[in-house]
Structure formats: C-alpha cells, structure tokens
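Enquirer: What follows is a predicted structure for the sequence shown.
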Amino acid sequence: MFSPWRYNIDRAAQALLERHGWTAPDADAFPTGCELVEGYLAPLAALPEMAGRLRLNTRVTGVARLRAGKVRDAGREEQPFKVQFADAQEREGRILARAVVVASGTWGNPSPAGASGLPAIGEREAADRIRYGMPDVLGADQDRYAGRRTLVVGSGHSAIGTVIDLSSLAERAPGTSVLWAARSANLTRAYGGGAADQLPARGALGQRLRRLVETGAVELLAPFSVDEVRRGARGALRVVSAEGGSVEADEMVVTTGLRPDFNILREARLDLDPALECPRPLAPLIDPNLHSCGTVRPHGAEELAQPDAGLFLAGMASYGRAPTFLLATGYEQVRSIAAFLAGDLEAARRVELDLPETGVCSTTRSSLGTAEADSSNAPVTPPTSCCGSSASRTSAQVEPAE
C-alpha cells in the first residue's frame with residue numbers, strides 16, 4: 001500500500017486491540033495487503049468483543065423490509081429490515097435488524113476493458129486470457145506471465161503496480177514483455193507528483209513508471225481505447241483500439257476501475273447519483289470530473305443515508321465509481337453512522353479525518369434533522385440534508401483507493 005500504517009488503522013479498533021496487549025506496527029511502515037490482514041484485521045476479529053458478532057463464510061443475498069416489497073408504502077418504516085444470507089454450504093438464513101450498513105465494496109465487480117463501459121466485442125470469449133484487478137505477477141501467478149507478452153489496460157494505481165511488477169519479472173524471465181494501454185494521451189495523473197507528493201511511496205510509483213516508459217522497458221500505447229478483442233495466431237489476442245490501431249498479446253490484465261454491485265438491494269429504496277452510482281448527496285463532494293484527490297470533502301451519516309430509513313452505504317461501495325476512496329475515510333464514515341444509530345447526533349455530525357498534508361480535518365454541521373435513535377427495534381429515521389453547499393466544509397487531502 002502507498003499509505004503507511006498510521007492512515008490504515010482505525011482509532012477505536014486500535015484502542016480495543018491495545019486493551020488486549022496488541023502492539024501497533026511501525027506507524028511509518030508500509031504494509032502489504034496480507035500484512036494488513038494478518039497484523040490488524042485478523043487480531044481484531046479474534047477479540048472476544050468481536051468474535052461472537054461475526055458470521056464468517058457468509059454471503060448476504062438480499063436486504064428488504066420485512067413483508068414489505070419495494071413498492072409498498074403503508075407501514076413500511078415500522079417494519080425491520082430482513083437480511084437474507086447463505087453460508088458456505090449454501091444453507092439460507094435471515095436476520096432482522098433496525099438498521100443496515102452496506103459496506104460490500106467493489107472488488108468483486110471490476111469494470112470491463114471496453115472504453116464505453118461495456119465489455120469490448122469479443123472480451124467475454126477471450127476470458128481465459130484476461131485477468132481483472134492485480135494478479136500476483138511476482139508470486140502465485142508468475143508462471144502465467146513469465147516469457148509472455150502482456151497488455152495492461154488502465155491508468156490508475158492498480159495498472160501502475162501491475163506494469164511495474166511485470167517489468168521486474170521481465171528482468172529475470174527472458175521473453176517477457178510489457179505493453180501498457182492508456183485511454184488518454186495525457187499521463188500527468190498516472191505519473192503523479194513525484195517528490196512533491198505528500199505520500200512519497202505513491203509519488204515513487206509514478207516516477208518508476210515514467211522511467212520504465214522512457215527507457216523502453218515498457219511499450220506505451222496512448223491514446224488506446226479498447227474496442228474489440230480477437231483471437232490471433234496460436235490463441236494470442238489481437239486487441240483493437242477505437243483509434244484504429246491494434247496490438248497482439250498473449251495475456252491481458254484489465255485494471256479499468258471497479259463498480260458497486262447493488263443486486264442485494266434490489267428490494268430496498270436507494271437514491272443514487274446517475275453517473276457515479278454513489279449516494280446522491282455525496283456525489284458533488286467526490287465527483288472526479290470536478291475534484292482532485294485533494295478537494296474531496298469530509299462526510300458522514302448525513303450523506304450516506306438512503307430513503308429506506310436506517311439503511312446506509314459505507315466504504316468503497318459508497319463511492320460508487322469514484323476512485324478517491326481510502327481506508328481512513330471509511331473508518332470515519334462508519335464512526336459517524338454508529339454515533340447516529342446510538343443517538344449521539346453531535347458526534348454524528350462531527351467528522352474528523354487525520355489525513356496526509358492537512359492533518360486533522362473537522363467540520364460541524366448546523367443541523368442533523370430531528371431524528372432520534374434508540375436501542376429498540378424501531379426503524380431509524382435517516383438524518384436530513386442540512387448543508388446546502390459543500391463550500392462550507394473543510395477540504396481534506398486524500399489519495400486514490402489502494
């Protein structure tokens with residue numbers, strides 16, 4: 001990860017862990033994803049306060065109002081939520097809840113290679129030669145890419161990390177070559193701020209990528225918008241761009257972003273931005289067409305509440321298609337939601353983020369409506385919108401999702 005431990009550990013979780021003798025990692029060290037799980041999430045899940053509240057190997061299959069389909073109005077908010085699930089053996093069960101926080105992420109729903117947002121013609125048929133996200137190029141997946149010609153599609157940090165790893169593999173595996181396809185010819189964002197970046201590890205990624213392109217270790221194709229994927233000689237792929245060019249590759253890695261999957265919420269009432277597929281009040285605060293990473297505003301329960309009172313979106317799922325999410329933001333989202341559900345409206349409206357460059361960022365809203373929460377099974381009324389302009393909020397420096 002390009003952010004150190006200090007930005008990846010929730011304060012409440014750390015306090016709970018330390019009460020049981022846990023020692024925090026070096027705050028300035030950079031964890032891998034595996035180290036984040038083994039050194040933080042797994043110990044947290046094993047605590048007696050947590051273990052009995054977790055249902056592992058369990059997949060939620062649907063969320064709805066009990067005995068009230070999506071269309072029904074009468075008595076809707078008096079009904080609890082019905083959360084239906086299946087365990088590892090596909091045995092079904094249900095939980096009734098007064099509130100639901102959906103933090104299901106986007107990792108299992110990658111965007112396709114096609115530049116229009118649809119799969120490119122032939123992309124599905126070529127699935128055996130395509131991987132989405134970040135394969136373990138230098139580890140478990142090494143044999144798949146060693147000695148082969150691989151095309152990486154995308155220009156975010158997942159693409160950058162994959163290109164760098166493939167280049168490292170090429171140094172020790174003869175015949176390995178790397179092509180990088182970016183939809184835009186402007187690579188300023190991909191190369192980043194270099195030494196000026198407040199997260200040095202992130203800046204170093206962009207600089208390494210630039211050097212690989214400039215030295216010819218990586219063949220750059222830009223602009224290159226994938227339009228069609230065909231089978232070439234010996235089963236290789238012929239990838240055709242909308243600009244008219246084409247290239248042949250043995251393997252293809254697609255890192256063009258991720259999308260939320262709201263299938264489990266088909267019977268719940270949602271209010272989503274039509275472009276970003278995030279909660280509508282959150283969209284103007286995170287829209288990548290308007291904001292860079294450094295201008296995303298802090299936010300909490302107010303922006304994340306949905307029309308079905310007591311339903312909230314959080315984590316990467318709440319950002320929809322926006323790429324500017326980070327762990328610290330998610331921790332603060334959930335703290336704000338938890339405070340609202342506990343009836344502490346002052347704490348819910350106070351959003352604090354300890355982020356690179358700007359330190360502690362805090363905003364207090366003037367109102368959170370008249371909603372009250374209690375410990376009963378009564379449905380929760382979501383907070384109403386109170387900030388007419390995002391300009392009144394304190395901005396915070398954030399980095400893209402890792």
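Expert: Happy to help now that I have it. Numbers count the residues shown, from 1 in each chain.
Enquirer: Make sure residue 222 is actually in contact with residue 188.
Expert: No - counting by Cβ atoms under 8 Å, residue 222 sits too far from residue 188 to count as a contact (11.8 Å). Heads up, the C-betas are built off the backbone N, CA and C, glycines and all.
Enquirer: Looking at the two, which is more packed in?
Expert: residue 222 (17 against 9; other Cβ atoms under 10 Å).
Enquirer: mind listing what the more buried one touches?
Expert: Residue 222 makes contact with 181, 182, 183, 184, 185, 187, according to Cβ atoms under 8 Å, 6 or more residues apart in numbering.
Enquirer: And the pLDDT at the second one?
Expert: So the one you mean is residue 182. Here the pLDDT value assigned to residue 182 is 95.
Enquirer: Pull the number of nearby residues for it.
Expert: 21.
Enquirer: ok, it to residue 47 distance?
Expert: Relative to residue 47, residue 182 is positioned 44 Å away (Cβ to Cβ, to the nearest Å).
Enquirer: Equivalent analysis for the last one, please.
Expert: With distances defined as Cβ to Cβ, the gap from residue 187 to residue 47 amounts to 45 Å.
Enquirer: Show me the shaky parts of the stretch 151-300 of the chain.
Expert: Low-confidence segments of the stretch 151-300 of the chain, defined by pLDDT under 70: 193-199, 291-296.
Enquirer: how about stretch 158-178 as CSV, C-alpha atoms only?
Expert: Provided in CSV are the C-alpha atoms of stretch 158-178 (Å, rounded to 0.1, in the frame of the first residue of the first chain):
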residue,chain,number,x,y,z
SER,A,158,-3.6,-0.9,-10.0
ALA,A,159,-2.4,-0.6,-13.6
ILE,A,160,0.8,1.1,-12.5
GLY,A,161,1.6,-1.6,-9.9
THR,A,162,1.0,-4.3,-12.4
VAL,A,163,3.2,-2.7,-15.0
ILE,A,164,6.0,-2.3,-12.6
ASP,A,165,5.7,-5.9,-11.4
LEU,A,166,5.7,-7.3,-14.9
SER,A,167,8.8,-5.2,-15.7
SER,A,168,10.5,-6.7,-12.7
LEU,A,169,9.5,-10.2,-13.9
ALA,A,170,10.9,-9.3,-17.4
GLU,A,171,14.3,-8.7,-15.8
ARG,A,172,14.6,-12.3,-14.7
ALA,A,173,12.4,-14.2,-17.2
PRO,A,174,13.7,-14.0,-20.8
GLY,A,175,11.0,-13.4,-23.4
THR,A,176,8.7,-11.4,-21.0
SER,A,177,7.5,-8.1,-22.4
VAL,A,178,5.1,-5.5,-21.2
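Enquirer: Measure how far it is from the centre of its chain, please.
Expert: Relative to its chain's centre, stretch 158-178 lies at 25 Å (Cα atoms, centre = their mean, to the nearest Å).
Enquirer: Show me which residues of that stretch are buried.
Expert: Neighbour counts over stretch 158-178 (16 or more other Cβ atoms under 10 Å) mark 158-170, 176-178 as buried.
Enquirer: Same check on stretch 206-222?
Expert: Residues 206, 208, 209, 210, 212, 213, 217, 218, 220, 221, 222 are the ones in stretch 206-222 that count as buried (16+ other Cβ under 10 Å).
Enquirer: so which of the residues you listed comes closest to residue 141?
Expert: Using Cβ to Cβ, residue 218 is the member of these that lies nearest residue 141, at 18.5 Å.
Enquirer: Next secondary structure element downstream of the helix or strand harbouring residue 337?
Expert: Taking DSSP states H and E as the definition, residue 337 sits inside helix 327-341. Following helix 327-341 in sequence order, the next helix or strand is helix 345-349 (DSSP H and E).
Enquirer: tell me what the helix or strand residue 17 falls within is packed against?
Expert: Secondary structure assignment for residue 17, by DSSP H and E: helix 11-18. Secondary-structure packing of helix 11-18 (3 or more Cβ pairs under 8 Å, 6 or more residues apart in numbering; DSSP states H and E): helix 42-46, helix 327-341.
Enquirer: repeat that with 7 Å
Expert: The contact analysis (3 or more Cβ pairs under 7 Å, 6 or more residues apart in numbering; DSSP states H and E) places helix 11-18 against helix 42-46.
Enquirer: so how many other residues sit close to the nearest residue to residue 282 once chain neighbours are set aside?
Expert: Leaving aside its chain neighbours, residue 282 sits nearest to residue 303 (4.4 Å; criterion: Cβ to Cβ, 6 or more residues apart in numbering). When neighbours are counted by other Cβ under 10 Å, residue 303 registers 27.
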